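Asks: Show me the folded form of this:
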Amino acid sequence: MSNSDGQYDHIFLAMAQKHAGGMPDFLRTFAGFLRRKSDFFSGDWEQFMMDIFRKEAEIAMSEKTEKLKQQEQDKKIREDKEQEVRAAAAAAAREKEISDQKICDITDEEAAEIIKEEESKKRQKLLEESTAADGTSPIMINDDMSKPIEKVEDDSEKDEIGKLLPNAGNGCTLDKYMWTQTLGEIELKIPFNVTFALRARDLIVDIQKKALKVGLKGQEPIINGELCAEVKIEESLWVLQDSKTVQITLEKVNKMNWWDRLVVTDTPISTRKINPEPSKLSDLQGETRSLVEKMMYDQRQKEMGLPTSEDQKKLDILEKFKQQHPELDFSKCKFN
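Replies: Next comes the predicted model:
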């Protein structure tokens, strides 16, 4: 992989956001740039482009294959450990029966079911004790909570009052969970304050195209609602970190918009306060920085319902024309 991979992502993302038609329009714009500003199409351009795209496609497929392979390995390790636990428990149960002179033949399936039931009872008791200890759901957020916007300096932003300020990851930190985001994905963390090490079997994590349910079995779900926007189920995943925290990665379907909340019942954050990559802009120079600043300015203007830089130029030209032709009546004219 080249060291330059990702170097210009912020520029391409800013450009892509201006194309309502998605990737086809974006590629068409780039091809038009090559046609107007270079002799690219005078040579063997088709083979050249196919070589590049085939190479990138191979890398993408390789990364996906490796990801699936790792998931299978993790699953195999978990299953092997569970099998060892079941076997050890079954052996212990049989030894106890022999020592008590109460020998009883049972099948492996019956032994596994008995062990599973006993473990479930023990872990459910631990969950109930953890919940009763603090009188609340067994969760704990240590980070600073996202605070609401109480006042604004510009009247055009008065609709932002009451919304929450984004956290450092352009997401939100609530009392039960926190999430961060990029244009491509959401990362959600739900820490649990329990007195024992959690296992995957203790949890309910259900990821749907536009819904999410997360919680401890036998307890009220921490999250159970409609997502802000659609996600790709096959590309989303979850893991249990340090036996205490559930981390969920949701792949966005629409990679051109910021989420203003995780589920629709959450208080929204102010997407105007999102700062995608503040350190990147200072690294740019000359025309590149001017282009990115112009794109960011136009985006803010659109969000506030104000004219972009191009729209303002047109309005200035029209105003100048009106001044040059006072004999014309523009009062009944409608301009878009």
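
Asks: what secondary structure does residue 249 sit in?
Replies: Taken by DSSP: H, G, I helix; E, B strand; the rest coil, the conformation at residue 249 corresponds to strand.

Asks: need the contact list for it.
Replies: Residues near residue 249 by Cβ atoms under 8 Å, 6 or more residues apart in numbering: 185, 186, 187, 188, 236, 237, 238. For the C-beta atoms, the positions are set from N, CA and C on the backbone; glycine is no exception.

Asks: which one of those has the most neighbours?
Replies: When the contacts of residue 249 are compared by neighbour count (other Cβ atoms under 10 Å), residue 186 ends up highest, at 23 neighbours.

Asks: Hmm, it is touching residue 172, no?
Replies: No - using Cβ atoms under 8 Å, residue 186 makes no contact with residue 172, being 10.6 Å away.

Asks: overlap in contacts of these two?
Replies: Joint contacts of residue 186 and residue 172 (Cβ under 8 Å, 6+ apart) are 179, 262.

Asks: So what's the residue count around residue 47?
Replies: 9.

Asks: Equivalent analysis for residue 89, please.
Replies: Neighbours of residue 89 (other Cβ under 10 Å): 17.

Asks: same check, this time on residue 61
Replies: Residue 61 sits with 10 neighbouring residues when counted by other Cβ under 10 Å.

Asks: Doesn't it belong to a helix?
Replies: Yes - read with three-state DSSP, residue 61 is one of the residues of a helix.

Asks: mind checking how far it is from residue 293?
Replies: 37 Å (Cβ to Cβ, to the nearest Å).

Asks: before we move on, what about residue 199?
Replies: 50 Å.

Asks: thought residue 187 was touching residue 169?
Replies: Yes - Residue 187 is within contact range of residue 169, at 7.5 Å (criterion: Cβ under 8 Å).

Asks: Show me how this structure divides into domains.
Replies: 10-68, 84-134, 155-279 (automatic domain parsing).

Asks: Ok, which of those domains comes nearest residue 314?
Replies: Smallest distance to residue 314 across the domains of the chain (Cβ to Cβ): 16.8 Å, for domain 10-68.

Asks: What is the end-to-end distance of that closest one?
Replies: Across its full length, domain 10-68 reaches 28 Å between end residues, using Cα to Cα, to the nearest Å.

Asks: go on, stretch 218-234?
Replies: OK, stretch 218-234 end separation, Cα to Cα: 27 Å.

Asks: buried ones in that stretch?
Replies: 219, 222, 223, 227, 228, 229, 231 (16 or more other Cβ atoms under 10 Å).

Asks: Could you work out the most separated pair of those?
Replies: Across the buried residues of stretch 218-234, the longest distance by Cβ to Cβ is 27.5 Å; it joins 219 and 229.

Asks: Residue 264 - how many residues pack around it?
Replies: Residue 264 has 12 neighbours, counted by other Cβ under 10 Å.

Asks: Could you do residue 55 as well?
Replies: As a burial measure, residue 55 scores 10 neighbours (other Cβ under 10 Å).

Asks: Let me know the pLDDT of it.
Replies: The confidence metric pLDDT takes the value 91 at residue 55.

Asks: and it, what helix or strand is that in?
Replies: helix 45-99 (DSSP states H and E).

Asks: still on that earlier bit, most packed of the domains of the chain?
Replies: Among these, domain 155-279 has the highest mean neighbour count (mean count of other Cβ atoms under 10 Å), at a mean of 16.

Asks: Over that one, what's the mean pLDDT, rounded is fine.
Replies: Domain 155-279 comes out at a mean pLDDT of 90.

Asks: From residue 195, how far off is residue 71?
Replies: Distance, residue 71 to residue 195, using Cβ to Cβ: 30 Å.

Asks: show me where this protein has strands.
Replies: Listed in chain order, the strands of the chain (DSSP state E) span 172-173, 178-181, 185-191, 203-208, 211-216, 223-226, 231-241, 245-252.

Asks: Any chance of CSV for those strands, columns distance to residue 158?
Replies: Formatted as CSV, the strands of the chain follow (distance: least, Cβ to Cβ, whole Å):
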stretch, distance to residue 158
strand 172-173, 21
strand 178-181, 25
strand 185-191, 28
strand 203-208, 36
strand 211-216, 32
strand 223-226, 28
strand 231-241, 32
strand 245-252, 29
